[in-house]
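# predicted model follows, preceded by the sequence.
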Amino acid sequence: MTIIDRARRVLQIETDALRATADRIDENFVRAIGILLACDGKVVVIGMGKSGLVGAKIAATFASTGTPSFFLHAAEAAHGDLGMVHKSDVALVLSNSGETDEVIVTLPVLRRLGVPIVAMTGVLESRLAQTADAVLDTGVQKEACKLGLAPTASTTAQVAMGDALAVVMLEERGFTEEDFARFHPAGALGKRLLTRVADLMHSGEALPRVRRDTAMTEVLIEMSGKRLGATVVDDEDGKLVGIVTDGDLRRALQKHGALHTLTAGDVVTPHPKAIRAGALATRAAHVMEQNSISVLLVYESGEPERIIGIVHLHDLLKAGII
């Protein structure tokens with residue numbers, strides 16, 4: 001077999017393992033979700049070796065999606081770190097064999113504390129499976145390792161089962177995009193999830209604004225001075241009439257041959273796209289993309305006829321939203 005063939009064989013074995021794991025999802029999974037949802041404390045993920053590394057990933061995924069969780073190394077647990085476990089917690093215990101010594105040693109202590117145990121194992125007759133309140137079967141027919149020794153397909157099944165738990169928990173709790181943003185404030189992801197239109201919009205003196213009877217010569221001065229390629233057009237009561245953009249100027253010039261005899265009301269585009277100041281900036285980017293426009297008017301919640309700002313495509317680019 002070539003290197004490419006061997007790589008594909010590994011991925012095929014792991015794909016088959018995932019399909020088999022999905023087929024075995026049953027009432028035990030439902031029971032596990034019920035136990036996790038009823039937890040008043042934290043989900044303590046316990047594992048050793050490669051299963052421990054998977055467990056650390058699962059704990060991190062839980063924590064970032066609204067399920068308080070931490071990873072407890074089985075060897076350290078047996079040497080004092082079980083003191084971190086409280087009776088209000090739930091234990092998610094990983095062991096492919098279900099007989100890992102360092103893991104088995106923790107089970108009586110968890111039982112004495114009254115901590116419910118959800119097991120993730122590949123052997124349903126193991127001591128871990130027999131002790132647990134709910135058992136998630138992550139057994140595989142064979143490992144991708146040709147020697148059948150290195151945990152490969154089995155750890156892939158564990159990772160996927162952990163993701164299934166976390167995502168179902170997320171959905172059951174009604175975890176929203178805003179909730180997710182609170183736990184991911186840094187980097188590009190945090191910017192996209194936390195930045196609001198109000199954080200980027202041009203408002204106050206920076207907002208280009210004219211009345212509908214304003215002469216086009218003054219409209220040009222306002223647009224040039226504010227450098228946003230557009231201006232809000234209001235009526236005499238300060239309510240929105242529409243918007244004048246660079247494109248409107250070009251079309252008016254082509255139609256009329258000159259602009260100096262016109263007013264903003266002659267050129268205005270009525271019913272322009274607008275967005276709430278409190279909306280996520282990612283929503284503004286989506287509206288711009290869907291409508292092939294580069295500016296959006298901004299209004300306070302519930303008052304779309306009173307514009308308080310403009311957000312430009314370049315503002316989204318500078319902020320890393322796009």
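Cool, the structure landed.
# going by C-alpha atoms from here, please, whenever you check contacts or count neighbours.
Fine.
# okay, the most far-flung residue of the chain relative to its centre: pLDDT?
The C-alpha centroid of the chain is most remote from Thr261, which lies 52.3 Å away (CA atoms, centre = their mean). You'll see Thr261 listed with a pLDDT of 89.
# pretty sure it sits against Thr214.
No: if you go by CA atoms under 8 Å, Thr261 and Thr214 don't touch, sitting 10.8 Å apart.
# phi, psi for the residue farthest from the centre of the chain please.
Main-chain torsions, Thr261, degrees, to the nearest 10: phi -90, psi 0.
# gap between it and His79?
87 Å (CA to CA, to the nearest Å).
# and Arg306, how many residues sit next to it?
Applying other CA atoms under 10 Å, we find 18 residues neighbouring Arg306.
# in contact with it, which residues?
Taking CA atoms under 8 Å, 6 or more residues apart in numbering as the criterion, Arg306 is in contact with 238-240, 299-300.
# looking at those, which one is closest to Ala91?
Set against Ala91, the nearest of these by CA to CA is Glu300 (46.8 Å).
# how many neighbours does the residue nearest to Arg212 when sequence neighbours are not counted have?
Closest residue to Arg212 apart from its sequence neighbours, by CA to CA, 6 or more residues apart in numbering: Gly265 at 4.4 Å. Summarising burial for Gly265: neighbours were counted as other CA under 10 Å, giving 22.
# counting contacts, what elements does the helix or strand hosting Gly265 pack onto?
If you go by DSSP states H and E, Gly265 is part of helix 264-267. Contacts defined by 3 or more CA pairs under 8 Å, 6 or more residues apart in numbering; DSSP states H and E place helix 264-267 against strand 209-211, helix 246-256.
# how far away is the residue lying closest to Lys191 once chain neighbours are set aside from Arg192?
Using CA to CA, 6+ apart and skipping the chain neighbours, the partner closest in space to Lys191 is Ile321 (6.6 Å). In this structure, Ile321 and Arg192 are 5 Å apart, going by CA to CA.
# shared neighbours of the two, anything?
Taking CA under 8 Å, 6+ apart as the contact rule, Ile321 and Arg192 both touch 281-282.
# ranges for the helices of the stretch 51-200 of the chain?
Taking DSSP state H, counting those that start in this stretch, the helices of the stretch 51-200 of the chain run over residues 74-77, 101-104, 107-113, 127-131, 153-172, 177-182, 187-194, 197-200.
# distance check, Gln141 against Asp16.
As judged by CA to CA, Gln141 and Asp16 stand 9 Å apart.
# hmm, I was thinking of Ala198
Computed as CA to CA, the Ala198 to Asp16 distance reads 49 Å.
# out of those two, which sits in the more crowded spot?
Ala198 (21 against 15).
# contacting residues for the closest residue in space to Asp248 that isn't next to it in sequence?
Residue nearest to Asp248 in three dimensions, not counting chain neighbours: Val267, with 6.4 Å by CA to CA, 6+ apart. Residues counted as contacts of Val267 (CA under 8 Å, 6+ apart) are 244, 248-249, 252.
# highest neighbour count among these?
Val244 (26 neighbours).
# isn't there a helix covering it?
No: checked against DSSP: H, G, I helix; E, B strand; the rest coil, Val244 lies outside a helix; its state is strand.
# from what I can see it touches Thr231, true?
Yes: counting by CA under 8 Å, Thr231 is a contact partner of Val244 at 5.4 Å.
# hang on, the earlier thing: and of the helices of the stretch 51-200 of the chain, who's closest to Ser294?
helix 197-200 (13.9 Å).
# and that closest one, which residues are buried?
For helix 197-200, the neighbour count (16 or more other CA atoms under 10 Å) marks 197-198, 200 as buried.
# then stretch 112-126?
Within stretch 112-126, the residues that count as buried by 16+ other CA under 10 Å are 115-124, 126.
# can I get that stretch in PDB, CA atoms only?
Taking Å, rounded to 0.1, in the frame of the first residue of the first chain, the C-alpha atoms of stretch 112-126 are listed here in PDB:
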ATOM      1  CA  ARG A 112     -19.400   7.500  49.000                       C
ATOM      2  CA  LEU A 113     -19.800  11.100  48.000                       C
ATOM      3  CA  GLY A 114     -23.000  10.300  46.300                       C
ATOM      4  CA  VAL A 115     -21.700  11.600  43.000                       C
ATOM      5  CA  PRO A 116     -23.500  10.300  39.900                       C
ATOM      6  CA  ILE A 117     -21.200   8.500  37.500                       C
ATOM      7  CA  VAL A 118     -21.500   8.600  33.700                       C
ATOM      8  CA  ALA A 119     -19.100   6.200  32.100                       C
ATOM      9  CA  MET A 120     -17.600   6.300  28.600                       C
ATOM     10  CA  THR A 121     -16.000   2.900  27.900                       C
ATOM     11  CA  GLY A 122     -15.600   0.300  25.200                       C
ATOM     12  CA  VAL A 123     -16.300  -2.700  27.500                       C
ATOM     13  CA  LEU A 124     -19.800  -2.900  28.900                       C
ATOM     14  CA  GLU A 125     -18.800  -5.800  31.200                       C
ATOM     15  CA  SER A 126     -16.000  -3.800  32.800                       C
END
